[in-house]
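Enquirer: Task: produce atomic coordinates for the following.
(one chain, ligands or ions: 2)
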Amino acid sequence: MLLIKNGRVIDPGSRTDAALDILLDGERIANVGAGLSAPAAETFDAKGLIVAPGFIDLHCHLREPGQEISETIETGARAAARGGFTALCCMPNTQPVNDSASVTRGIVERAAASACVRVWPIGAVSVGSKGEALAEIAAMKDAGIVGVSDDGKPVATARLMRQAMDYCRTLDLLVIDHCEDPSLFAGGVMREGPTSVRLGLKGIPAQSESICAGRDVELAMLTGARLHIAHMSTRGSLEFVRSAKRLNLPVTCEVTPHHFTLIDEDVRYDTNYKMNPPLASRSDRQALIEGLADGSVDAIATDHAPHHPASKDVEFDRAPFGITGFETALALGLAELVHAGKIPLMRLVELFTTGPARVLGRERKLAAGQPADLTIFSPDHAWTFRACESASKSRNTPFDGRAFRGAPMATIVAGRVVYRREAAATA
Ligand SMILES: [Zn+2]
Ligand SMILES: [Zn+2]
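Expert: Ligands and ions are numbered 1, 2, ... in the order given. Sure, this is the predicted structure:
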């Protein structure tokens, strides 16, 4: 048994923000209350720290099977635990693509053997994510997927998306889309605007994303399927999500820390600023922050996309898209949203916990009988992120060397402390 004492418990599910203790018994929460005592239990002193439900990341890339040089399920999970995440959803663009029950089972088995956090795979929408025939979605669901996506690319056509949605509606399965119009994207490498012109880099208009988001919202209306817009980065896409929510359609969306932190004007000839969707305009970033504040955005998701140093150490045009994200996500949320006065701490915790849980159709709360998954963090611990100290196998981040106020201090999965920051060892 583990007794977490003296913490400030923030549980968005019950709007709790109070000084409470939490007793864990094996894999479950045994009790939540004031002044708990359990003489036989090990004690964790959470004085000065926030105790929250376990963080869930709806969007990451673990690269296993197939690209273990960049990341494995084991190293990705360790990096996630250091970021405070107790569960993560991994995208299917591995080699082979997770488009069959046997690949799904392989990921679930590798995770059970090597991952220190929960791993919930996402299956492909189409065979090989090629955008032609539907993948064997029902069999993958039986094997453990929590949603489908062709992430890395959009679901290729409206017709295929309609088929996927009709099918997933009967399975009550989430359809996640990486929104992009390939004819507008057309080989671009950053957001189209004055900065892309100045740098001489090929631009991608914001409408490449929002046109596809609009298509998907229309199809969600047609089919009634649960649609989730991945890594939403533009005001236009947000407006489509808002209109869907006004109609009570089951449409949700996520925003990444890099999109609420950086903008296209920050891009330089450094491939750690190359991601897809690209960093947006100042006005789009402002819209995303408004959506995070007013409830239009459901979750913060990292889109952790590790790439081996050699693959990123090339010209901007030739580098792959994506940056790592687990270990800086919470600190960026605290810095850019909470300390900056844009949202209260309760709302930030919601965006990492009950928000993503609801997207998946699950529950996340601190109550007796619930899984003993907790994230304990400091809102003001001073530290500096060093990519070379990351648990990830990759180093592709624009936040190397950034000083932060606030950090994950301990990550508890099924009652087990899977990560603990040394400075927290005051008990
Ligand atoms: Zn994507
Ligand atoms: Zn992705």
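Enquirer: Could you check how many residues crowd around residue 31?
Expert: Counted by other Cβ atoms under 10 Å, the residues lying close to residue 31 total 16. Any C-beta I mention is one placed from the backbone N, CA and C, and that applies to glycine too.
Enquirer: Distance-wise, check the residue nearest to it when sequence neighbours are not counted relative to residue 13.
Expert: In space, and not counting its chain neighbours, residue 31 is closest to residue 23: 4.4 Å by Cβ to Cβ, 6 or more residues apart in numbering. Note on residue 23: its distance to residue 13, by Cβ to Cβ, to the nearest Å, is 18 Å.
Enquirer: Looking at those two, which one has more neighbours?
Expert: A count of neighbours by other Cβ under 10 Å puts residue 23 above the other of residue 23 and residue 13, at 20 against 17.
Enquirer: can you list the residues of the stretch 151-300 of the chain near ligand 2?
Expert: residue 151 (Cβ under 5 Å from the ion).
Enquirer: on that earlier part again, indicate each strand paired with the helix or strand where the residue nearest to residue 31 lies and its parallel or antiparallel sense.
Expert: Residue 23 belongs to strand 16-25 when elements are defined using DSSP states H and E. According to DSSP bridges, strand 16-25 forms sheet pairs with strand 2-11 (antiparallel), strand 28-33 (antiparallel).
Enquirer: Relative to residue 397, which of the ones you listed is closest?
Expert: Across the strands paired with strand 16-25, residue 397 has its closest neighbour in strand 2-11 (27.3 Å, Cβ to Cβ).
Enquirer: Name the residues of the closest one that are buried.
Expert: Going by neighbour count (16 or more other Cβ atoms under 10 Å), the buried part of strand 2-11 is 2, 3, 4, 5, 6, 7, 8, 9, 10, 11.
Enquirer: What of stretch 15-35?
Expert: For stretch 15-35, by 16+ other Cβ under 10 Å, it's 17, 20, 21, 22, 23, 24, 25, 29, 30, 31, 32.
Enquirer: ok, of these, which one's closest to ligand 2?
Expert: Nearest to ligand 2 among the buried residues of stretch 15-35, counting by Cβ to the ion, is residue 29 at 31.8 Å.
Enquirer: so who does the closest one touch?
Expert: 22, 23, 366, 367, 368, 369, 370, 371, 372 (Cβ atoms under 8 Å, 6 or more residues apart in numbering).
Enquirer: Adding distance to ligand 1, write the buried residues of strand 2-11 out as a markdown table.
Expert: Formatted as a markdown table, the buried residues of strand 2-11 follow (distance: Cβ to the ion, whole Å):
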| residue | distance to ligand 1 |
| --- | --- |
| 2 | 37 |
| 3 | 41 |
| 4 | 36 |
| 5 | 41 |
| 6 | 41 |
| 7 | 35 |
| 8 | 35 |
| 9 | 34 |
| 10 | 30 |
| 11 | 31 |
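Enquirer: a markdown table for those, including distance to residue 351 and pLDDT?
Expert: Shown next, in a markdown table, are the buried residues of strand 2-11 (distance: Cβ to Cβ, whole Å; pLDDT from 0 to 100):
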| residue | distance to residue 351 | pLDDT |
| --- | --- | --- |
| 2 | 26 | 98 |
| 3 | 28 | 98 |
| 4 | 22 | 98 |
| 5 | 27 | 98 |
| 6 | 25 | 97 |
| 7 | 20 | 98 |
| 8 | 18 | 98 |
| 9 | 17 | 98 |
| 10 | 12 | 98 |
| 11 | 14 | 98 |
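Enquirer: now, which of those sits nearest residue 98?
Expert: For the buried residues of strand 2-11, the nearest to residue 98 is residue 11 (32.9 Å; Cβ to Cβ).
Enquirer: ok, the closest one to ligand 2 distance?
Expert: Distance, residue 11 to ligand 2, using Cβ to the ion, to the nearest Å: 29 Å.
Enquirer: what do you get for residue 240?
Expert: From residue 240 to ligand 2 the distance is 20 Å (Cβ to the ion).
Enquirer: try residue 40
Expert: For residue 40 relative to ligand 2 (Cβ to the ion), the value is 45 Å.
Enquirer: Also residue 77?
Expert: In terms of Cβ to the ion, residue 77 sits 17 Å off from ligand 2.
Enquirer: tell me the SS of that residue?
Expert: Secondary structure, DSSP: H, G, I helix; E, B strand; the rest coil: residue 77 is helix.
Enquirer: and it, how many neighbours?
Expert: Going by other Cβ under 10 Å, the residues that sit close to residue 77 add up to 28.
Enquirer: Number the residues from 518 up from this point.
Expert: Renumbered: residue one is now 518, and that last one reads residue 594.
Enquirer: related to what we said a few turns ago, who's in contact with the residue nearest to residue 548?
Expert: With Cβ under 8 Å, 6+ apart, residue 540 has these contacts: 518, 519, 520, 521, 546, 547, 548, 549, 553, 555, 558.
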